[in-house]
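> Quick one: sequence and predicted model below, then my questions.
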Amino acid sequence: MENLLNNLKSLLQKDERLISAGELLKNKIVELALKLDKELIKLLLSNRRLKEVFFIEVDKTLVFDKDKFIRFVSNKQFLPDSYTAFKNKIGLTLGDDYLSEKKDVVISWPYKDCVLEGGMTKEDQKRDEIFWNETLAPDDISRLFDPKVFTNAKRIDEKGKHKLDNFKIDENGDIKDNLIIKGNNLLALHSIKKRFAGRVKLIYIDPPYNTGNDSFKYNDSFNHSTWLTFMKNRLEVARDLLMESGMLYVQCDDTENAYLRVLLDDIFGRENFLSQINWQRAPEGRTILGQGSRFITDSTEYILVYAKDIKRVPSSCPLEKRVDATEKALNQYNYYFISEGRQKHEETLADAQGNKIKIYKHKNFQVHRIPSSAPISERLQKFDKLVRIAAQQEESSLQQKILSAIDPNQLYSAEYVPSTGKRKGQNIKSYYYNNGIILFLSQFAETNGERVFRIAPMNNFWSNNEIQVTGIAEEGGVELRRGKKPERLLHRIIEMSTVRDEIVLDFFAGTGTTCAVAHKMGRQFIGIEQLDYGENSAVFRLKNVINGDQSGISKSLDWKGGGDYVYLELLKWNENFVGKLKKAKTKDELAKLWKMMRKKAFLSYKVDVKTVDENAKDFAELSIEDQKKFLLECLDKNHIYVNYSEIHDEEYGVSEVDKKFNKEFYKV
């Protein structure tokens, strides 16, 4: 391989077009290959070894394998930087493949709020966390997805933190506790599979949007393919956790929306797509905070909704939502229906199904017309009596029959009990007056005394008036500028998709909005988060919720507090070295860390310690950033955390308390 690289470099240096300041131009080489440049092909044919590698014979005719040549030239081993050259020297290399064909795993990824909050595009919110972004090929994965040891377990309620004695287990042996898990979400998802596979009713996630600005000092650049692989790994295991009637909601923006939907089609099945909800995150005419100006103002985010099995999603009861009624709509209700007076039976009609309809004429009725100039506040004083007169529906033969049989200047009512349909067996009464049908506002709307909310069919456009993003900074007593989702958004999603006591999962928990709302609504929740948000974490938010936090949706639910949850951490092993690498300030510290890693860490099978040490001089010449990056790559990602199968190994020092609740969790 090395001889081939050297032969190609020497040969290409003979073409002056490919050289600048004594260095070969990789992009120029690729450009000429794409154009099937005659001089380049002639040059390659002049070398017997290169001719064998980059040309194939078809019916005694040599054909240039352009794609193979470009892949070879594009590889980092060809004209590498100093860091790549060092990696190659000790044999630390990785391959690549198409997303649809490969089984690679992106083991870690910085959540957008580590540096970017919400829709920010400027890295102006620095944090302390350090992450690596590494794609593991199938050959690098052995015990990565084995269940991990949990540690530092606590039960947290109104009185504070307590030692976890036992999980709450129901008669079926299922864990009924709310859980907050700290650790890598991919590995945590695989760890909870034994207990929760097929039990989760709703998964909502708000993953990193891959805006192109998620760059970190110690990380490789995050490209489109890596982001899709990252999502694929997690969505595949997430599907296993859903019950057959379960649903998935994934929030995103237009950066990856189209590709994410195709990926979800592949994992969940195109037939299980339910909706693309368009949430107007910013008011009309404004961009999303931090987005800046674009050709067309960007004020919308998307929520892709999939069922695990669309046949199990109820369709007989259309969903509804509450929307602010407009002043124009309210002004149409320009009558107070004060009293129906005394009714007298006039005649009996029959509808198309043969149901008998009794027609009554009313005397001494009172209907008061409201002046068009009357303020909305006056109308709301008698909300339950507010009516409008609507024209008959042309398609309703029944309405036509009733209106043709009555005096338009008198008040009439029709009363009957349908024998079929959704209102079968209910006593239905409707009023007719002034050549029209009387409609009560209370049949179509609700009020809190100040605002009127129209009851409308649920659609896939959720306006900023319905779910506002402004004024949510203090929700839950935690702050996350620009990145936090409104409690009302999660309330609607959870209400649409679950009933009391069903499980809600969010494995990008962040500051805990999903878990907080689920708790207030009486759902069981599981939240997974890798980052430490300190006093703005889900742990602190849920303490506030348990203690009766009154922000967000609390008042509308009459939330008084109460309940508890269990906090767990994945027991770190190799990840301990990540923290130490982060804190290192000098190359001397990194040299000491390497000695420690040689003794205590699990190193990648690709790392030959002897070879690394023999090239210590080359390593020392790398920048401190590249040294950290290299040492991170040396760590075996199969041992980021301690595997449950090794819980009794004395080297890990797992306490008897931890052993007890892990045994209970894994039901062994």
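Structure's in. What do you need?
> Val305 is in contact with Met458, correct?
No - if you go by CB atoms under 8 Å, Met458 and Val305 don't touch, sitting 11.2 Å apart. C-beta: built from backbone N, CA, C; applies to glycine.
> what about the two, which has more around it?
Each of Met458 and Val305 has its neighbours counted (other CB atoms under 10 Å); Val305 has more, 22 against 13.
> Closest to the centroid, which residue in this protein?
In the chain, the residue lying closest to the centroid (CA atoms, centre = their mean) is Ile205, at 2.3 Å.
> Quickly list what that residue is bridged to.
Listed beta-bridge partners, Ile205: Val250 (assigned using DSSP bridges).
> roughly how far apart are it and Lys610?
Taking CB to CB, to the nearest Å as the measure, Ile205 falls 44 Å from Lys610.
> if I pick Glu271, what's in contact with it?
Contacts for Glu271 (CB atoms under 8 Å, 6 or more residues apart in numbering) come out as Ile310.
> what separates it from Ala350, distance-wise?
Applying CB to CB, the value for Glu271 to Ala350 is 44 Å.
> Tell me who's in contact with Asp265.
Asp265 makes contact with Phe273, according to CB under 8 Å, 6+ apart.
> Find the helix or strand that it is a member of.
helix 257-268 (DSSP states H and E).
> Tell me which other helices or strands the helix or strand that that helix is followed by touches.
Scanning forward in sequence from helix 257-268 by DSSP H and E, the next helix or strand is strand 273-280. Under the contact criterion of 3 or more CB pairs under 8 Å, 6 or more residues apart in numbering; DSSP states H and E, strand 273-280 touches helix 257-268, strand 300-307, strand 461-462.
> again, 7 Å this time
strand 300-307, strand 461-462 (3 or more CB pairs under 7 Å, 6 or more residues apart in numbering; DSSP states H and E).
> okay, the angle between it and strand 300-307?
If you take axes from the mean of the first three to the mean of the last three CA atoms, to 10 degrees, strand 273-280 sits at 160 degrees to strand 300-307.
> what pairs with strand 273-280, and is each one parallel or antiparallel?
Strand 273-280 is paired, per DSSP bridges, with strand 300-307 (antiparallel), strand 461-462 (parallel).
> just how off-centre is the first one within its chain?
So the one you mean is strand 300-307. 9 Å (CA atoms, centre = their mean, to the nearest Å).
> which outside residues touch that strand?
By CB atoms under 7 Å, 6 or more residues apart in numbering, the surrounding residues in contact with strand 300-307 are 247-253, 257, 260-261, 264, 268, 272-281, 313.
> Any stretches of the stretch 301-450 of the chain with poor pLDDT?
Of all residues in the stretch 301-450 of the chain, those with pLDDT under 70 make up the ranges 315-318, 394-395.
> CA-only coordinates of stretch 551-566 in CSV, if you can.
Output of stretch 551-566 as CSV, limited to C-alpha atoms (Å, rounded to 0.1, in the frame of the first residue of the first chain):
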residue,chain,number,x,y,z
SER,A,551,-44.9,27.5,35.6
GLY,A,552,-45.8,26.1,32.2
ILE,A,553,-49.0,24.1,32.1
SER,A,554,-49.2,23.7,35.9
LYS,A,555,-52.1,26.0,36.5
SER,A,556,-54.2,24.7,33.7
LEU,A,557,-53.8,21.2,35.2
ASP,A,558,-54.2,22.4,38.8
TRP,A,559,-50.8,20.9,39.5
LYS,A,560,-50.0,20.8,43.3
GLY,A,561,-46.8,18.8,43.2
GLY,A,562,-45.9,15.3,44.5
GLY,A,563,-44.6,12.1,43.1
ASP,A,564,-41.0,11.0,42.7
TYR,A,565,-38.4,9.6,40.3
VAL,A,566,-35.3,7.5,40.3
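> what about the nearest residue to Lys361 once chain neighbours are set aside, distance to Ser413?
The spatially closest residue to Lys361, leaving aside those adjacent along the chain, is Glu346, at 4.8 Å (CB to CB, 6 or more residues apart in numbering). Here Glu346 is placed at a distance of 10 Å from Ser413 (CB to CB).
> if we can go back for a sec, surely the residue nearest to Lys361 is in contact with Ile359?
Yes - Glu346 is in contact with Ile359 according to CB atoms under 7 Å; the separation is 4.9 Å.
> Tell me which of these two has more neighbours.
Taking neighbours as other CB under 10 Å, Glu346 and Ile359 compare with Ile359 leading, 20 against 16.
> So the more buried one sits against Ala414, correct?
Yes - Ile359 lies in contact with Ala414 (CB under 7 Å); the separation is 5.7 Å.
> related to what we said a few turns ago, so for the helix holding Asp265, what gets flagged as buried?
Applying a neighbour-count criterion of 16 or more other CB atoms under 10 Å, one finds 257, 259-261, 263-264, 268 buried in helix 257-268.
> In a markdown table, list the residues you listed along with distance to Ser46 and pLDDT.
Shown next, in a markdown table, are the buried residues of helix 257-268 (distance: CB to CB, whole Å; pLDDT from 0 to 100):
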| residue | distance to Ser46 | pLDDT |
| --- | --- | --- |
| Asn257 | 50 | 92 |
| Tyr259 | 43 | 89 |
| Leu260 | 48 | 93 |
| Arg261 | 50 | 94 |
| Leu263 | 46 | 92 |
| Leu264 | 51 | 95 |
| Phe268 | 54 | 96 |
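> Reformat those as CSV; add distance to Ala405.
Formatted as CSV, those follow (distance: CB to CB, whole Å):
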residue, distance to Ala405
Asn257, 56
Tyr259, 62
Leu260, 58
Arg261, 55
Leu263, 61
Leu264, 56
Phe268, 55
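> From one end of stretch 48-67 to the other, what's the distance?
19 Å (CA to CA, to the nearest Å).
> the strands in the stretch 501-650 of the chain, which residues?
Ranges of strands in the stretch 501-650 of the chain, per DSSP state E, counting those that start in this stretch, are 503-506, 524-529, 565-570.
> tell me what the second one is packed against?
Pointing back at strand 524-529 there. When contacts are defined as 3+ CB pairs under 7 Å, 6+ apart, strand 524-529 packs onto strand 179-182, helix 185-196, strand 503-506, helix 513-520.
> what's next to stretch 274-282, contact-wise?
Counting by CB under 7 Å, 6+ apart, 288, 299-307, 310, 313, 460-464, 467, 469 sit against stretch 274-282.
> in terms of contact count, name the helices or strands touching the longest helix that the chain contains.
In the chain, with assignment by DSSP state H, the single longest helix is helix 224-241. Packing partners of helix 224-241 (3+ CB pairs under 7 Å, 6+ apart): strand 105-106, helix 185-196, helix 257-268.
> Just send the ones you listed back as JSON lines, with distance to Asp165 too.
JSON lines is the format used below for the helices and strands packed on helix 224-241 (distance: least, CB to CB, whole Å):
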{"stretch": "strand 105-106", "distance to Asp165": "36"}
{"stretch": "helix 185-196", "distance to Asp165": "18"}
{"stretch": "helix 257-268", "distance to Asp165": "39"}
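> so how far is the first residue of stretch 519-531 from its last?
22 Å.
> Which parts of the stretch 351-500 of the chain are helices?
Taking DSSP state H, counting those that start in this stretch, the helices of the stretch 351-500 of the chain run over residues 376-380, 397-404, 487-497.
> Can you tell me which of those helices is packed in deepest?
Ranked by mean neighbour count, those are led by helix 487-497 with a mean of 21 (mean count of other CB atoms under 10 Å).
> and it with strand 524-529, angle?
130 degrees.
> can I have stretch 464-479 written out in CSV, keeping just the CAs?
Coordinates of the C-alpha atoms in stretch 464-479 are reproduced here as CSV (Å, rounded to 0.1, in the frame of the first residue of the first chain):
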residue,chain,number,x,y,z
ASN,A,464,-47.4,30.6,17.2
ASN,A,465,-50.7,31.8,18.6
GLU,A,466,-51.5,28.2,19.7
ILE,A,467,-48.1,27.3,21.1
GLN,A,468,-45.9,30.3,21.8
VAL,A,469,-42.2,30.1,22.3
THR,A,470,-42.0,33.5,24.0
GLY,A,471,-42.2,33.8,27.7
ILE,A,472,-41.0,30.2,28.4
ALA,A,473,-37.5,31.1,29.8
GLU,A,474,-38.6,30.6,33.4
GLU,A,475,-40.6,27.4,32.8
GLY,A,476,-39.6,24.7,35.3
GLY,A,477,-37.2,27.0,37.1
VAL,A,478,-34.4,26.2,34.6
GLU,A,479,-32.9,28.2,31.8
